[in-house]
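Trainee: Just need the structure, nothing else, for what follows:
(one chain, ligands or ions: 1)
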Amino acid sequence: MNNLSCKISNFENSTVITNVGVFNFVSSLFPEKHIRPITEIRYVDRYYSLVSNHSLDRLLITGSNVTSQWSIDQKTGQETIEIFRQNPEGNTDVIRMKSDIAHEIGHSVFNHLPEDKRVDYEAIWSTNKKQRPDIRAANYVAEDFCYAYAMFFLEREKLLSNSHQKFDFIKGLI
Ligand SMILES: [Zn+2]
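Mentor: All right, here's what the predicted structure looks like:
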């Protein structure tokens, strides 16, 4: 896939990956149909701590901060992924940044799932609480899906040892 339709912007300011680097990551790894609904993937050089009241998507247990967000404009249907600064001083972890991008693409995919598929995933999610990677995933089926989605593309072995059902479900979406 070379004709990525979504705009990728401002990653030069992240200091750990360029726009071209994100383009190559996204276009080489994810199915084009999963990227098509997304208008823009943008780096935002702003740090959000837990105490900020920004409508944050992701709470990282390890860092106790939030580093990414997927959002959809209800009027235009435009979807945006924002990747935020990892630490007050800046960014150090490109693997985590890629994992955040994958997680947020997962939110778009989950949002576009047909109702019957969503019900199927919810059934997998509700059957085994031990398979949920963290508290966010334990509380929200969408979060659990996004962790599994990111693992499918970045840590396949980990997902397979976590849950074959989740692996097969995501494989079925490709
Ligand atoms: Zn999330």
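Trainee: domains for this protein, by residue range?
Mentor: Domain segmentation of the chain under automatic domain parsing yields 7-91, 115-173.
Trainee: The first one spans what distance, first to last residue?
Mentor: Meaning domain 7-91. 21 Å (Cα to Cα, to the nearest Å).
Trainee: Check the shortest one too.
Mentor: Across its full length, domain 115-173 reaches 14 Å end to end, with Cα to Cα as the criterion.
Trainee: buried sites along the lengthiest helix in the chain?
Mentor: Taking DSSP state H as the criterion, the chain has its longest helix at helix 94-111. By 16 or more other Cβ atoms under 10 Å, the buried positions in helix 94-111 come out as 96-110. Quick note: C-beta positions are derived from backbone N, CA and C, even for glycine.
Trainee: doesn't residue 70 make contact with residue 100?
Mentor: No: applying Cβ atoms under 8 Å as the test, residue 100 and residue 70 come out as separate, 10.0 Å apart.
Trainee: tell me the contacts of the spatially most central residue of the chain?
Mentor: Geometric centre of the chain, nearest residue: residue 103, 1.5 Å, by Cα atoms, centre = their mean. Applying Cβ atoms under 8 Å, 6 or more residues apart in numbering to residue 103 gives the contacts 58, 68, 146-147, 149-150.
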